[in-house]
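>>> Make a model of this:
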Amino acid sequence: MPSALEGARRSTPPAERVSRHESDALLAQVQAWLDEAKAENVVTIDIRGKSSIGDHMLIASGRSDRHVGAIAEQIQRKLKDEGYGSRIEGQPQCDWVLIDIGDIIVHVFRPEVREFYNLEKMWSAERPSDPLTH
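Alright, predicted model coming up:
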């Protein structure tokens, strides 16, 4: 019997990497879609050079678990309509939903969960310099 992780890998298409120009255009589209879905306090963080997981991170809040779920569903539906692959995590609880679009990662939180994890502070910090060797 396959594990839950193996089942998820088979049922979820991998998020595709896109060119930098296409990534920037998609970022603008996703920002507009979050606005259409009435997401609150949307923050965009450029993570190029900080991590290999992507180029941009979008962090947004929904007013309730239902609003978080609705935002995530709307973004995922629009991505599919535009032909982009994505992976989504956290939808059953809708406290924190992550949408991985490859070079763009979208986090949608309930406000109190967002405040607890404080991803903006963690990812906005400058990368530490290399330690000096003597």
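
>>> mind checking how far residue 110 is from residue 119?
13 Å (CB to CB, to the nearest Å). To be clear about C-beta, it is placed using only N, CA and C from the backbone, and glycine gets the same treatment.

>>> The two: which is more packed in?
residue 110 (20 against 16; other CB atoms under 10 Å).

>>> isn't the more buried one right next to residue 61, touching?
Yes: the criterion here is CB atoms under 8 Å, and residue 110 meets it with residue 61 at 7.0 Å.

>>> So for the chain, the centremost residue is which one?
residue 106 (1.7 Å; CA atoms, centre = their mean).

>>> sec struct for that residue, please.
strand (DSSP: H, G, I helix; E, B strand; the rest coil).

>>> And the helices in this structure, which stretches?
Here the chain has its helices, by DSSP state H, at 4-11, 20-36, 65-81, 111-117, 119-124.

>>> Reformat those helices as a markdown table; add mean pLDDT and distance to residue 43.
Formatted as a markdown table, those follow (pLDDT from 0 to 100; distance: least, CB to CB, whole Å):
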| stretch | mean pLDDT | distance to residue 43 |
| --- | --- | --- |
| helix 4-11 | 46 | 28 |
| helix 20-36 | 90 | 10 |
| helix 65-81 | 96 | 14 |
| helix 111-117 | 95 | 10 |
| helix 119-124 | 80 | 6 |
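
>>> which of those sits most buried?
helix 65-81 (a mean of 18; mean count of other CB atoms under 10 Å).

>>> Find the residue closest to residue 36 in space, skipping its chain neighbours.
Leaving aside its sequence neighbours, residue 36 sits nearest to residue 74 (CB to CB, 6 or more residues apart in numbering; 7.4 Å).

>>> what's the distance between that neighbour and residue 48?
Counting by CB to CB, the gap from residue 74 to residue 48 is 27 Å.

>>> And for residue 88?
The value you get for residue 88 to residue 48, if CB to CB is used, is 23 Å.

>>> Neighbour count for the two, which is higher?
residue 88 (19 against 12).

>>> if I look at that one, how far off is residue 105?
For residue 88 relative to residue 105 (CB to CB), the value is 11 Å.

>>> Quick check: neighbours shared by the two?
98, 99 (CB atoms under 8 Å, 6 or more residues apart in numbering).
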